[in-house]
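In: need the 3D shape of this:
(one chain, ligands or ions: 1)
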Amino acid sequence: MKPLDQVLPPSAAVTAEGHLSIGGCDLVELAEEHGTPLVVYDEGALRGMARAYRAAFAALAPDVDVIYASKAYFGQAMLRLANEEGLCVDVASGGELFAALRAGFPPGRIYMHGNNKDAREIREALAAGVGTVIVDNLDEIDLLAREAAAAGVRQDVLVRVTPGVKPSTHSYISTGQIDSKFGFSIEGGPARAAVDAVRAAGSLDLIGLHCHIGSQLFDLSGYGAAAAIVADFAASCGGDDLRVMDMGGGLGIAYTGEDRPAAVEDYAEAVVEAVRGEWGRVGLPMPRVLVEPGRSIVGRAGVTLYRVGGVKEIPGVRTYASVDGGMSDLMRPMLYGAVYEPLLANRAEAEPTQTLRLVGKHCESGDVLVSEAALPPVGPGDLVCLPATGAYGVSMASNYNGVTRPAVVFVDGGSARLVTRRETYDDLVARDM
Ligand code: LLP
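Out: This next block holds a predicted model:
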């Protein structure tokens, strides 16, 4: 096997037949039983990450909530698991809210995000009794205040601020900078205006601030920089209502053998100590810290299995191997130039002897899953495993070209359960009148 230890779930192993296995389940057998593309999550790895997060923060501060950012993967089985593991959940739309409620999340442990929550979504959140709404613009504060008043509720609110910190990550997933569609800029006054507006609204209770500087971060220094700016802002606002500081998500994961993400423990220390230090510096009591990890909880726990169809060699140019999925189940290579490292699930120990281009089945030249894939010779029927596809894979899936979205299986202790069935052709036309 390629040295992919850090991108595969910890339970990954090779069977006597040379097949890759996860959670004690042979991936070749799973692909035969459930078809491909197939997304396989190691349940032990999901629970392990949830527990590691809770333990790392509990060791540093008494009163931290770890909020799972469900956009990374919001299947019902995952939401139930997050709830069982004592995580809260962050939802960014009425649909994600519906999914979290359906999975049995107590409404008080739901955090409602979104930069353009509409009246219906706000009413749904209020009717459900969502614990906290994170407000993103002044129009929304007005709307939320009116709807809460009409419903006769007082709603706890965090104000999302942008500190003007630009972390090193892809520009599409960088959100802490001033020029952002998200949140209120501290610089220039919008954040102060938002705090004032929430304080002035009789139906809203300001409980703290939120900032999410970006996603897939390896360099933890951005959290300290953000905390310093937000602490100064909190101090400038006066009052004793800013008791909560939600530092967002963002911890990166390894997609390739070369990536070096920080450990959860180091991330927890960076975040908690930054807040402790900066709030101390400005003379404010330590707030309750919240974090919102998504990718780092589910990313490494999931792999996607694809069946190789045609392989063509263009002499003197390159070899293309086509698989039965692509941009409809994994947009990240096309959207962010994300690099993945595939391996063969059916010959896991075969040496990678060639470089080929692994492409999907969609009518797009850009439908390239792995531009330079180091693999053994592959042919029709081989089973490719793409590690670290557990986050922002199926949650961003589409039906482009009428390709049905994959089935999802959870594996644990040698048994597998289907948690999401494969889409059918009937599903594709079911909404058309
Ligand atoms: N909190 C907020 C307010 C967020 O906007 C996000 C992610 C998170 C938490 C979770 O961040 P994480 O821990 O997963 O980095 N589709 C992109 C990532 C988009 C992230 C959007 N917001 C990707 O595939 O890389």
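In: make it CA atoms for all contacts and neighbour counts henceforth
Out: OK.
In: can you list contacts of the host helix or strand of D142?
Out: Per DSSP states H and E: D142 is located in helix 138-151. Contacts to helix 138-151, defined as CA atoms under 8 Å, 6 or more residues apart in numbering, come from residues 116-117, 119, 122-123, 126-127, 135, 154-155, 194, 197-198, 201-204.
In: try it again at 10 Å.
Out: 115-120, 122-123, 125-127, 133-135, 152-155, 157, 159, 183-184, 190-191, 193-195, 197-198, 200-205 (CA atoms under 10 Å, 6 or more residues apart in numbering).
In: cool, and stretch 164-172?
Out: In contact with stretch 164-172 (CA under 10 Å, 6+ apart) are residues 173-180, 185-187, 212-223, 225-227, 229-230, 250, 252, 335-338.
In: residues from the chain in reach of the ligand?
Out: Residues of the chain lying near the ligand by CA under 6 Å from any ligand atom: 69, 72, 173, 212, 215-216, 248-251, 292-296, 332, 392.
In: buried sites along stretch 421-428?
Out: R422 (16 or more other CA atoms under 10 Å).
In: returning to what we had before: so which of the residues of the chain next to the ligand are in strands?
Out: Residues of these located in strands (DSSP state E): A69.
In: and the closest residue to S415 other than its chain neighbours, what does it touch?
Out: Spatially, and ignoring its direct neighbours in sequence, S415 is nearest to C25 (6.4 Å; CA to CA, 6 or more residues apart in numbering). C25 makes contact with 11-13, 15, 19, 40, 42, 410-416, according to CA under 10 Å, 6+ apart.
In: restricted to strands, list those.
Out: In this view, these that belong to strands under DSSP E are A13, V40, D42, F410, V411, D412, S415, A416.
In: can you name every helix or strand that the lengthiest strand in the chain contacts?
Out: Counting by DSSP E, the longest strand found in the chain is strand 302-314. With contacts taken as 3 or more CA pairs under 10 Å, 6 or more residues apart in numbering; DSSP states H and E, strand 302-314 sits against helix 27-34, strand 38-42, helix 43-58, strand 318-323, strand 343-344, strand 354-359, strand 383-386, strand 407-412.
In: any chance of the ones you listed in a markdown table, with distance to A92 and mean neighbour count too?
Out: Shown next, in a markdown table, are these (distance: least, CA to CA, whole Å; neighbours: other CA atoms under 10 Å):
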| stretch | distance to A92 | mean neighbour count |
| --- | --- | --- |
| helix 27-34 | 31 | 16 |
| strand 38-42 | 23 | 28 |
| helix 43-58 | 20 | 20 |
| strand 318-323 | 32 | 20 |
| strand 343-344 | 34 | 27 |
| strand 354-359 | 31 | 20 |
| strand 383-386 | 27 | 25 |
| strand 407-412 | 22 | 21 |
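In: could you dump these into a markdown table and include mean pLDDT?
Out: A markdown table is the format used below for these (pLDDT from 0 to 100):
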| stretch | mean pLDDT |
| --- | --- |
| helix 27-34 | 98 |
| strand 38-42 | 98 |
| helix 43-58 | 98 |
| strand 318-323 | 98 |
| strand 343-344 | 96 |
| strand 354-359 | 97 |
| strand 383-386 | 98 |
| strand 407-412 | 98 |
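In: nearest to Q76, out of the ones you listed?
Out: Nearest to Q76, of all the helices and strands packed on strand 302-314, is strand 407-412, at 11.0 Å by CA to CA.
In: what comes into contact with that closest one?
Out: So strand 407-412 is contacted by 11, 21-26, 30, 34-46, 75, 77-78, 301-302, 304, 394, 416-423 (CA under 10 Å, 6+ apart).
In: and A416, what is it in contact with?
Out: Neighbouring residues of A416 by CA under 10 Å, 6+ apart: I22, G23, G24, C25, D26, L30, V40, Y41, D42, E43, V409, F410.
In: what's the closest of these to the ligand?
Out: Y41 (16.6 Å; CA to the nearest ligand atom).
In: V378 versus the closest one, what's the distance?
Out: From Y41 over to V378 the distance is 25 Å, taken as CA to CA, to the nearest Å.
In: by how many degrees do the longest strand of the chain and strand 318-323 diverge?
Out: 140 degrees (axes from the mean of the first three to the mean of the last three CA atoms, to 10 degrees).
In: output strand 302-314 as PDB, restricted to C-alpha atoms.
Out: What follows is strand 302-314, C-alpha atoms only, in PDB (Å, rounded to 0.1, in the frame of the first residue of the first chain):
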ATOM      1  CA  GLY A 302     -14.800   8.700   4.500                       C
ATOM      2  CA  VAL A 303     -13.600   7.100   1.300                       C
ATOM      3  CA  THR A 304     -15.200   6.900  -2.200                       C
ATOM      4  CA  LEU A 305     -15.000   3.700  -4.300                       C
ATOM      5  CA  TYR A 306     -15.200   4.000  -8.100                       C
ATOM      6  CA  ARG A 307     -15.200   1.300 -10.700                       C
ATOM      7  CA  VAL A 308     -12.800   1.800 -13.600                       C
ATOM      8  CA  GLY A 309     -14.400   1.600 -17.100                       C
ATOM      9  CA  GLY A 310     -12.500   2.600 -20.100                       C
ATOM     10  CA  VAL A 311      -8.700   3.200 -20.100                       C
ATOM     11  CA  LYS A 312      -7.200   4.900 -23.100                       C
ATOM     12  CA  GLU A 313      -3.600   5.700 -23.900                       C
ATOM     13  CA  ILE A 314      -2.900   8.700 -26.100                       C
END
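In: so what strands line up beside it?
Out: strand 38-42 (antiparallel), strand 318-323 (antiparallel), strand 383-386 (antiparallel) (DSSP bridges).
In: does V264 really touch A59, like I thought?
Out: No - counting by CA atoms under 10 Å, V264 does not reach A59; the two are 12.0 Å apart.
In: just give me the neighbour total for the residue of the stretch 1-150 of the chain found nearest the ligand.
Out: Of all residues in the stretch 1-150 of the chain, the one sitting closest to the ligand is A69 (5.1 Å; CA to the nearest ligand atom). As a burial measure, A69 scores 26 neighbours (other CA atoms under 10 Å).
In: what's around the closest residue to the ligand within the stretch 301-433 of the chain, how many residues?
Out: Residue of the stretch 301-433 of the chain nearest the ligand, by CA to the nearest ligand atom: Y392 (4.6 Å). As a burial measure, Y392 scores 21 neighbours (other CA under 10 Å).
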